[in-house]
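Visitor: heads up, no residue letters with this:
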């Protein structure tokens, strides 16, 4: 059963890694499209319309891949995690239904108008459709994060006679203690992810032609968003960490590498190699008192360590420790990129500093990597529970044999790399073409020809 449990966890982690990057991109990109179309209607400048058409094609492909990968995720709850679904279904099932009734129907109802209706409806009606899709993606994030946050900080529930979690207070369930912090943190992450991709695309085309008006505009808009959102994410992350310390202290202890309690102020462990068996961070590089300063805003404040928690309830410390540092390190690089871009803008060199463009290009995938590192920190740090402190992961899995899970995992790996690899290749091809003043829309012949060619290739 241990082998089957680990395989089930590995399969869910694999499919989640593929899925989460698409919503993280499309949530921000949908809002960016709404901004572009709004600027076009407000200013009348055709430049914004050409950028809207350029990114709308990319949004369509990314959105489709996100929907397909999300459907697979939902099926796994019934196939690999039936015990979890049975026990939490009365709470999580309605939350998922609310996501469908609000976000999915809003997106499905207006997506076609947004993608194909620009030349068939009035400008203002089309803008309403674009806004509806953008709002729909935010609704989707709202309900998904509410459900996930309830698993992290369960509230508003009761347990019936057969051991199921049942709703007792829906407002407490939806707005559970960690939900506001997770929602803000994830939405900012989505906007940063999109801004980094848009900025990298603009930088790529500026390196080839710094006079391309569309590339200059997308690069300037992206750098502006990063300059604002990256520092805001640092503040949101600080508040999220304080909330996590209150409700999930073991997660904070693991990501900080605090195996032992510190009654007179805890250090901040910059780097090291956590040894869970020995209960220590080997070859640690520490800054005294800074851990307490960051977590309690008092350098001498006492902090408990994992020695205050039964060892069977420890999360995998090394994974959480390093994923957290990857996330924070990438976040600091984003702040640096925004600061340098702001300096370049103030000096009138935003389109001239080629090393800045190369920096922005290199940071293009950083948003995806940071989102993945953040989700690993969140989900692995919750272990060994699926519902924190109440339902263990070992008691949540379906009674499946390891060979069945091996077969399905291998099938997922093959299909995902083939299908999503082709989709990613197509996205990169779309972004590699420089935006033009006469940018074609989705119903243009060149795009249809490319789509047919891609289908034949697959």
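Guide: Received the coordinates, thanks. What you see is a predicted model; the values in this text were computed from it and never measured.
Visitor: Going by C-alpha atoms from here, please, whenever you check contacts or count neighbours.
Guide: OK.
Visitor: Give me the pLDDT for residue 451.
Guide: With respect to pLDDT, residue 451 scores 44.
Visitor: meant to ask about residue 269, not that
Guide: 88.
Visitor: excluding its backbone neighbours, what's nearest it?
Guide: Counting by Cα to Cα, 6 or more residues apart in numbering, residue 286 is the residue found nearest to residue 269 once chain neighbours are left out, at 4.4 Å.
Visitor: Check residue 350 too.
Guide: Per Cα to Cα, 6+ apart, closest to residue 350 is residue 344, 4.7 Å.
Visitor: before we move on, what about residue 338?
Guide: Nearest non-adjacent residue to residue 338, counting by Cα to Cα, 6+ apart: residue 227, 3.9 Å away.
Visitor: Tell me the buried residues in the strand or helix carrying the residue nearest to residue 350?
Guide: Residue 344 is part of helix 317-346, with elements assigned from DSSP states H and E. For helix 317-346, the neighbour count (16 or more other Cα atoms under 10 Å) marks 317-328, 330-331, 334-342, 344 as buried.
Visitor: next one: stretch 238-253
Guide: For stretch 238-253, burial by neighbour count (16+ other Cα under 10 Å) applies to 238-245, 247-253.
Visitor: Out of those, which is nearest to residue 185?
Guide: The closest of these to residue 185 turns out to be residue 240 (Cα to Cα; 7.6 Å).
Visitor: How about the closest one: what's its closest non-neighbour residue?
Guide: In space, and not counting its chain neighbours, residue 240 is closest to residue 181: 5.2 Å by Cα to Cα, 6+ apart.
Visitor: Which parts of the stretch 51-200 of the chain are strands?
Guide: Along the stretch 51-200 of the chain, the segments classed as strands by DSSP state E, counting those that start in this stretch run 157-159, 165-167.
Visitor: how much space is there between the closest residue to residue 263 other than its chain neighbours and residue 84?
Guide: Closest residue in space to residue 263, ignoring its immediate chain neighbours: residue 302 at 4.2 Å, by Cα to Cα, 6+ apart. Going from residue 302 to residue 84 by Cα to Cα, to the nearest Å gives 37 Å.
Visitor: Pull up the per-residue confidence for the nearest residue to residue 204 once chain neighbours are set aside.
Guide: Nearest residue to residue 204, sequence neighbours excluded (Cα to Cα, 6+ apart): residue 361, at 6.4 Å. pLDDT, residue 361: 95.
Visitor: Ok, residue 447 next?
Guide: According to the prediction, residue 447 has pLDDT 46.
Visitor: longest helix of this protein?
Guide: Counting by DSSP state H, the longest helix found in the chain is helix 2-43.
Visitor: and that one, how far out from the chain's middle?
Guide: Here helix 2-43 is found 6 Å from its chain centre; the criterion is Cα atoms, centre = their mean, to the nearest Å.
Visitor: Which neighbouring elements make contact with it?
Guide: With contacts taken as 3 or more Cα pairs under 8 Å, 6 or more residues apart in numbering; DSSP states H and E, helix 2-43 sits against helix 46-79, helix 123-152, helix 179-208, helix 366-381, helix 402-432.
Visitor: What helices and strands are in contact with the longest one?
Guide: Contacting helix 46-79 under the criterion 3+ Cα pairs under 8 Å, 6+ apart are the following elements: helix 2-43, helix 82-99, helix 105-116, helix 213-247, helix 402-432.
Visitor: between the second one and helix 123-152, how many degrees?
Guide: Angle, helix 82-99 to helix 123-152, by axes from the mean of the first three to the mean of the last three Cα atoms, to 10 degrees: 150 degrees.
Visitor: going forward, begin numbering at 342 instead of 1
Guide: Right, with 342 as the first residue, what we last looked at is helix 423-440.
Visitor: which parts of helix 423-440 are buried?
Guide: Neighbour counts over helix 423-440 (16+ other Cα under 10 Å) mark 423-430, 432-433, 436-437, 439-440 as buried.
Visitor: pLDDT and distance to residue 712 added to the residues you listed, as TSV?
Guide: TSV is the format used below for these (pLDDT from 0 to 100; distance: Cα to Cα, whole Å):
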residue	pLDDT	distance to residue 712
423	87	27
424	90	28
425	90	25
426	90	26
427	91	29
428	93	29
429	92	26
430	89	27
432	93	26
433	91	23
436	91	23
437	87	22
439	88	24
440	86	21
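Visitor: Just the closest of those residues to residue 402, please.
Guide: Proximity of the buried residues of helix 423-440 to residue 402, judged by Cα to Cα, is greatest for residue 440, which lies at 21.4 Å.
Visitor: Which helix or which strand is home to residue 627?
Guide: For residue 627, the host element (DSSP H and E) is strand 621-628.
Visitor: what mean pLDDT does that strand have?
Guide: On average, strand 621-628 scores 87.
Visitor: what is the mean pLDDT for the next helix or strand after that strand?
Guide: Using DSSP H and E, the helix or strand that follows strand 621-628 in sequence is helix 631-637. Per-region confidence: helix 631-637 scores 85 on mean pLDDT.
Visitor: name the helices or strands packed onto helix 631-637?
Guide: helix 554-588, strand 609-616.
Visitor: can you count the residues close to residue 542?
Guide: Counted with other Cα atoms under 10 Å, the neighbours of residue 542 add up to 25.
Visitor: I'd guessed it sits against residue 774; true?
Guide: No: under the criterion of Cα atoms under 8 Å, residue 542 is not in contact with residue 774, lying 9.4 Å apart.
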